[in-house]
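>>> sequence and predicted model, in that order:
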Amino acid sequence: MNYSELYENKKRGTFDFPIELYYVDASSARYQMPLHWHLEYELILILKGSFELLIDGKSFKMNSGDCAWIGDGVVHGGIPDDCVYECVVFDLGTLLHDTPVCARSAAEFLSDENGYTAVFSKGSRQAELADKLFDSLEREQKGYEWTTVGLMWQLMGSLIGMKEKSLSISKNRQKIIRLKNVLTYIRDNYENAITLNELADVAGMAPRYFCRAFSEMTGKTPIEYLNYYRIELAGERLILTDKSVTDTALECGFNDMSYFAKIFARYKNMSPTAYRKNHLI
């Protein structure tokens, strides 16, 4: 299996500082967080409201001040509710490359199958460090790179030794690998007609068993998730491009305009035209 074809492949930050910050609120083109995975680590901090974090089939309710550390390769996504949140995605391997200090601990951290994935409540040591780390990246004051990396080291130090508290994600490893195949197939073919049997074949499962397994991992049926993914892309394009609603719907896999409008309203609580108007800058 070629794993390089399954994950979100995007350069983070710069070569010598591979960290990238994302600020997300209701006006953002990509407010929802569709299920995805990548080889970098991710830190999520909730600034306002609540956020339902999905990690390899498990759901965690996060509130203002809570943070989550997502290990590399972990399938994750989220549903915000009147929420403002920030994400930092970083290439930890590059940051720690040729680092002589704590080399053994760093190697153990990077090789851990679960990636020390965990959710931390407001007021915890990890949440406080995460808040300082995000603040450093936002302010970008002179020397912020040093401050940011230092806080990253402190955060890692607080996680090492907590392996027993890390979320167990390896029990369903085979299912997760199959799910990654399906998510990648949807990402690469969303503009085309996709059937349930087609997705089941990609997963290598019988349709009935596939539907149950997919729902357990994502909280949605395969077709519900396909529509959700298409609507997220359509919403993003309505904001970022001048293409007509009809062209946007066709490009996102909807050939029936009335069905597109119905599904769009279900997920966005308004028509495509109203959505575009409400997000005009």
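Here it is on my side, so go on. Please read these numbers as outputs of a predicted model, since none were measured by experiment.
>>> specify the beta-bridge partners of Leu45.
Cys67, Glu86 (DSSP bridges).
>>> what is the neighbour count of it?
24 (other C-beta atoms under 10 Å). Where C-beta positions appear, they are placed from N, C-alpha and C, glycine not excepted.
>>> can you check Trp37 too?
24.
>>> do Ala203 as well
Per other C-beta under 10 Å, the neighbour tally for Ala203 reads 21.
>>> who's in contact with it?
By C-beta atoms under 8 Å, 6 or more residues apart in numbering, Ala203 lies in contact with 178-179, 181-182, 210, 213-214.
>>> ok, which pair from the residues you listed is furthest apart?
Pairwise distances across those peak at 12.3 Å for Asn181 and Ala213 (criterion: C-beta to C-beta).
>>> more neighbours, those two?
Ala213 (20 against 17).
>>> give me the element the residue lying closest to that one once chain neighbours are set aside is part of.
Distances taken as C-beta to C-beta, 6 or more residues apart in numbering place Lys175 nearest to Ala213, at 5.6 Å, with adjacent residues excluded. Counting by DSSP states H and E, the element that carries Lys175 is helix 173-189.
>>> save the contacts of Ala203 as CSV, and put in pLDDT and distance to Pro272 too.
Formatted as CSV, the contacts of Ala203 follow (pLDDT from 0 to 100; distance: C-beta to C-beta, whole Å):
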residue, pLDDT, distance to Pro272
Arg178, 83, 33
Leu179, 83, 29
Asn181, 87, 31
Val182, 91, 27
Phe210, 93, 31
Ala213, 89, 32
Phe214, 90, 27
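>>> return the member of these nearest to Lys132.
Leu179 (34.4 Å).
>>> three-state assignment of Gly77?
Judged by DSSP: H, G, I helix; E, B strand; the rest coil, the three-state class of Gly77 is strand.
>>> and the closest residue to it other than its chain neighbours, how many residues sit next to it?
Spatial nearest neighbour of Gly77, excluding adjacent residues (C-beta to C-beta, 6+ apart): Leu35 at 3.8 Å. By other C-beta under 10 Å, the residues close to Leu35 number 25.
>>> so who does the closest residue to Pro272 other than its chain neighbours touch?
Distances taken as C-beta to C-beta, 6+ apart put Val245 closest to Pro272, at 4.7 Å, once the chain neighbours are dropped. Val245 sits next to 238, 257, 272-273, 276 when contact means C-beta under 8 Å, 6+ apart.
>>> equivalent analysis for Leu240, please.
Ala29.
>>> roughly how far apart are it and Met62?
27 Å (C-beta to C-beta, to the nearest Å).
>>> could you check the pLDDT of Ile231?
pLDDT, the model's per-residue confidence, is 95 for Ile231.
>>> again, but for the one 3 residues further on
Ala234 carries a pLDDT score of 95 in this model.
>>> again, but for Ala107
For Ala107, pLDDT reads 64.
>>> with the one 10 residues further on instead?
With respect to pLDDT, Thr117 scores 86.
>>> tally of neighbours for it?
24.
>>> quick check on the closest residue in space to it that isn't next to it in sequence: phi, psi?
Once flanking residues are discounted, Thr117 sits nearest to Gly71: 4.3 Å by C-beta to C-beta, 6+ apart. Gly71 has phi and psi values of phi -70, psi 160 when expressed as degrees, to the nearest 10.
>>> was I right to think Gly71 contacts Leu92?
No: assessed by C-beta atoms under 8 Å, Gly71 is found out of contact with Leu92, at 9.4 Å.
>>> between those two, who's got more neighbours?
Gly71 (26 against 20).
>>> looking at the residue nearest to Gly77 now. What's its pLDDT?
Turning to Leu35, the model gives it a pLDDT of 88.
>>> which residues of the stretch 1-150 of the chain fall in strands?
Secondary structure of the stretch 1-150 of the chain (DSSP state E, counting those that start in this stretch): strands at 19-24, 33-36, 41-55, 58-63, 67-70, 76-90, 118-120.
>>> deepest-packed of those, please.
strand 67-70 (a mean of 26; mean count of other C-beta atoms under 10 Å).
>>> any low-confidence regions in the stretch 101-250 of the chain?
101-115, 161-173 (pLDDT under 70).
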